[in-house]
Every structure is written in structure tokens, then in C-alpha cells.
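S.K.: just coords:
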């Protein structure tokens, strides 16, 4: 029903404009694409109380944090590495645990409906 070439060109143009945008914190498109890329590569990652799911969540949050640091480094080189590393590691751990818990709760809740 839809000709794929104009749609593909529109998506590519949007992605390029978003990646090279001059917003203060860079592009948020990378933050939204990272989980889908990880799930695409790691095909058998399921939402359950397992070490595999916890490690997948930690991997996603770590890649998002690294992407944010790289975007911050590209936009402002003078303050690129002023953030203490222990704060970054605590943010990765706390955000991963929170995301893990929320994903599991949402998955269990949607299974019961």
C-alpha cells in the first residue's frame, strides 16, 4: 500500500537530521534506538527474573550512558570529563535496577490482563 522508497528516504533524512541536531543534549534518538538494537542482536532476551534479563538491562543502560557521555563530549569539549566516574557507575546501577523492576512488574501485570 505504501511505496517504500519515499518512506525509507524520509526515515533516513529524519535520522540524519536528528543525529546532527544542535540541541543542548544532542540527539535523543540514539537513546531510544539502543534498546531495540540490543534486543535485535540478543534475540532470546525475555522479561523474567533471570540474570540474563538483568545483564541485558545493565547493558542497555550502560550503552545509553556511554552514548550520552559521547554526545556531551562532542558538544562541549571543555567540560566533557568533569563528571565523577563513581556518579556515572551509581547511575548505571540504580537506573538498571529500576528499569529491571519496572519492566518485570509491567510484564507480569500485562500477563494477568
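M.R.: It's in. Keep in mind it's a predicted model, so treat the numbers as computed, not measured.

S.K.: rest of the way, CA atoms for contacts and neighbours
M.R.: Fine.

S.K.: show me which residues of the helix ranked longest in the chain are buried.
M.R.: Across the chain, the longest stretch assigned as helix under DSSP state H is helix 85-112. Buried residues in helix 85-112, counted by 16 or more other C-alpha atoms under 10 Å: 92, 93, 95, 96, 97, 99, 100, 103, 104.

S.K.: any low-confidence regions in this protein?
M.R.: Applying pLDDT under 70 to the chain flags the ranges 1-3, 17-28, 74-82.

S.K.: for it, which segments are assigned as helices?
M.R.: Using DSSP H, helices in the chain cover 4-19, 29-41, 51-75, 85-112.

S.K.: now do the second one against helix 4-19, angle only.
M.R.: Calculated by axes from the mean of the first three to the mean of the last three C-alpha atoms, to 10 degrees, helix 29-41 forms an angle of 120 degrees with helix 4-19.

S.K.: which of the residues in helix 29-41 are buried?
M.R.: Neighbour-count burial for helix 29-41 [16+ other C-alpha under 10 Å]: 30, 31, 34, 35, 38.

S.K.: just give the closest residue to the fourth one, not the sequence neighbours.
M.R.: Nearest non-adjacent residue to residue 35, counting by C-alpha to C-alpha, 6 or more residues apart in numbering: residue 60, 5.7 Å away.

S.K.: what do you get for the last one?
M.R.: Leaving out its chain neighbours, the residue that sits closest to residue 38 by C-alpha to C-alpha, 6+ apart is residue 60, at 6.9 Å.

S.K.: give the contact list for the one you found.
M.R.: Going by C-alpha atoms under 8 Å, 6 or more residues apart in numbering, residue 60 touches 34, 35, 38.
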